[in-house]
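Q: the following block contains a protein sequence and its predicted model.
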Amino acid sequence: MKGAGVNVETFNGSLLREPWEVKTGSGGPYRVFTPFWKTLKEIGPARAQLWPNSRKIAGPQKNPKSDKLSDWGLLPTKPNWANEIAQNWTPGEQGARDRLNHFLNNNIDDYSAGRDRPDKEFTSKLSPHLAFGEISPLQIWTATYDKMAGGNISDEAAMKFLSEVAWREFSYSLLFFNENLPEKPLRENFADYPWRDDPEGLKAWQLGLTGYPIVDAGMRQLWRTGWMHNRVRMIVASFLIKDQLIPWQEGAAWFWDTLVDADLANNSASWQWVAGCGADASPYFRIFNPVTQGGKFDPDGDYVREFLPELKKLPKKYIHAPWKAPEDVLQAADIKLGKTYPFPIIDHAMARERALEGYNEIRSA
Ligand SMILES: Cc1cc2nc3c(=O)[nH]c(=O)nc-3n(C[C@H](O)[C@H](O)[C@H](O)COP(=O)(O)OP(=O)(O)OC[C@H]3O[C@@H](n4cnc5c(N)ncnc54)[C@H](O)[C@@H]3O)c2cc1C
């Protein structure tokens, strides 16, 4: 290009900062999120946003000859399993910008308090757009700062939201400095954890048939829409790893195949985080109880009812633990446990003790 008199410069559009630019006092990478975020906030993005002031580069006058995309028959038809995915997302830059504007105009003030509620639409749902490069974190950062500067949103809400965008940057930093992140636990002793080989259990988890409604609703949301709420991702991941003792890599592989926002850095770092073997990980002994998690974050059961229509008529009292409902309540709700909806595939209290025993084994090894 130089020969043609054109000067070309490249910039990283997929991150606010290159991984090696956010460094500790001694010049190394961060292993803990909070100081990473503090530094990123201080140094800010690498540059100001070009868009929307960038000039358009004229393309060719005539489109080159090509096949019609529809002729390739890439979309599934029999059955059209992508139908609901298509209804939920508008791929492309315009779809991404609309999503950001909608979020900043309507939801961001509820974000801090409401981002853990899967029954509400309080998060941005920008993840697939970020994963496909349809919007950059710099666009998100700039638009959020502009809103904050204009007094349209609270500083607290804006910074909470941007701190989550920074978790993405942190995951990229972890992947950059640990190229085995997708396969190997960062805490090496976890490679010796006594995992179970349980193909049937894995299948039940993938299909949303574990008998724990919040887990099953999450897995069905994933299958139907290609996305799952973050709180529920944590619950289903904890269930697979700690209740079922199935290696986190199996869960990451399923997410990789089914998520519309599948992202190697975020997916690997998050699975390691839940498993307790990653950087700045949640402690291994924090084992989510799927019934109490359901009651806390989906208090009326609306999320469960949306994705598990077979439990639609079950009263709120039993929605997160159908096996506790008396027979007449189940009958009135048209539920036959073991037929229309499974009994729990595992007893959570037993599973919890078993997981902790495994942890003690590797801790003392
Ligand atoms: C087991 C597990 C696997 C995950 N796999 C992925 C994945 O493959 N791809 C992916 O993009 N996210 C993944 N996440 C992180 C998170 O669940 C999603 O980014 C978030 O739910 C996307 O929804 P949103 O855009 O509405 O998020 P918002 O809450 O609106 O956040 C805005 C953006 O910040 C980033 N972000 C938010 N939370 C996190 C987080 N915990 N870690 C990293 N980045 C975050 C995302 O880019 C997100 O789009 C995973 C989390 C868990 C627990």
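A: Right, received. Where do you want to start?

Q: what does this structure put close to the ligand?
A: By CB under 6 Å from any ligand atom, the residues of the chain that approach the ligand are 115, 123-127, 130-131, 164-165, 167-168, 171, 230, 233-234, 237, 255, 259, 261-263, 266-267, 270-271, 274. C-betas here are computed from N, CA, C, even on glycine.

Q: scan the chain for its longest helix.
A: helix 155-177 (DSSP state H).

Q: enumerate the positions of that helix that are buried.
A: By 16 or more other CB atoms under 10 Å, the buried positions in helix 155-177 come out as 157-158, 161-163, 165-175.

Q: who does it touch, helix- and strand-wise?
A: helix 33-43, helix 111-114, helix 137-149, helix 264-275 (3 or more CB pairs under 8 Å, 6 or more residues apart in numbering; DSSP states H and E).

Q: now tell me what touches the helix or strand just after it from outside.
A: Following helix 155-177 in sequence order, the next helix or strand is helix 199-207 (DSSP states H and E). Here helix 199-207 makes contact (CB atoms under 8 Å, 6 or more residues apart in numbering) with 210, 215, 219, 223, 236, 239-240, 244, 246, 250-251, 254, 342, 345-346.

Q: so which of the residues you listed belong to helices?
A: Those of the contacts of helix 199-207 lying in helices (DSSP H): 215, 219, 223, 236, 250-251, 254.

Q: turn those into CSV, including neighbour count.
A: Output for the ones in helices among the contacts of helix 199-207, formatted as CSV (neighbours: other CB atoms under 10 Å):
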residue, neighbour count
215, 30
219, 25
223, 18
236, 28
250, 21
251, 25
254, 17
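
Q: name the residue most distant from the centre of this structure?
A: The C-alpha centroid of the chain is most remote from residue 3, which lies 45.4 Å away (CA atoms, centre = their mean).

Q: ok but it is inside a strand, no?
A: No: with DSSP: H, G, I helix; E, B strand; the rest coil as the criterion, residue 3 is helix rather than part of a strand.

Q: and the pLDDT for it?
A: We have a pLDDT of 80 for residue 3.

Q: sorry, back to before: tell me the two of the contacts of helix 199-207 that are most distant?
A: Distance extremes for those: the farthest pair is 223 and 346 at 20.9 Å, using CB to CB.

Q: run a quick neighbour tally on residue 185.
A: 22 (other CB atoms under 10 Å).

Q: state the mean pLDDT of stretch 104-124.
A: According to the model, stretch 104-124 has a mean pLDDT of 96.

Q: since we're on residue 131, how many residues are nearby?
A: By other CB under 10 Å, 18 other residues sit near residue 131.

Q: am I right that it is in contact with residue 262?
A: Yes: here residue 131 lies in contact with residue 262, judged by CB atoms under 8 Å, at a distance of 6.5 Å.

Q: which of the residues of the chain next to the ligand count as buried?
A: 115, 123-127, 130-131, 165, 167-168, 171, 233-234, 237, 255, 259, 261-263, 266-267, 270-271, 274.

Q: about what we covered before: report the mean per-residue pLDDT for the longest helix of the chain.
A: 97.

Q: one more: stretch 64-79?
A: On average, stretch 64-79 scores 90.

Q: chain center to that stretch, what's the gap?
A: When distances are taken as CA atoms, centre = their mean, to the nearest Å, stretch 64-79 is centred 30 Å away from the chain's centroid.

Q: next, the contact list for residue 89, please.
A: 95, 128, 226, 260.

Q: what's the pLDDT at the residue nearest the centre of the chain?
A: In the chain, the C-alpha nearest the mean C-alpha coordinate belongs to residue 230, at 4.9 Å (CA atoms, centre = their mean). Per-residue pLDDT puts residue 230 at 98.

Q: I'd assumed residue 267 was in contact with residue 237.
A: No: using CB under 8 Å, residue 237 is not in contact with residue 267, being 10.3 Å away.

Q: need phi/psi at residue 337.
A: With angles defined as degrees, to the nearest 10, residue 337 sits at phi -60, psi 140.

Q: related to what we said a few turns ago, highest mean neighbour count out of the helices and strands packed on helix 155-177?
A: helix 264-275 (a mean of 24; mean count of other CB atoms under 10 Å).

Q: in terms of secondary structure, what does it contact?
A: For helix 264-275, the packing partners by 3+ CB pairs under 8 Å, 6+ apart are helix 155-177, helix 230-238, helix 248-258.
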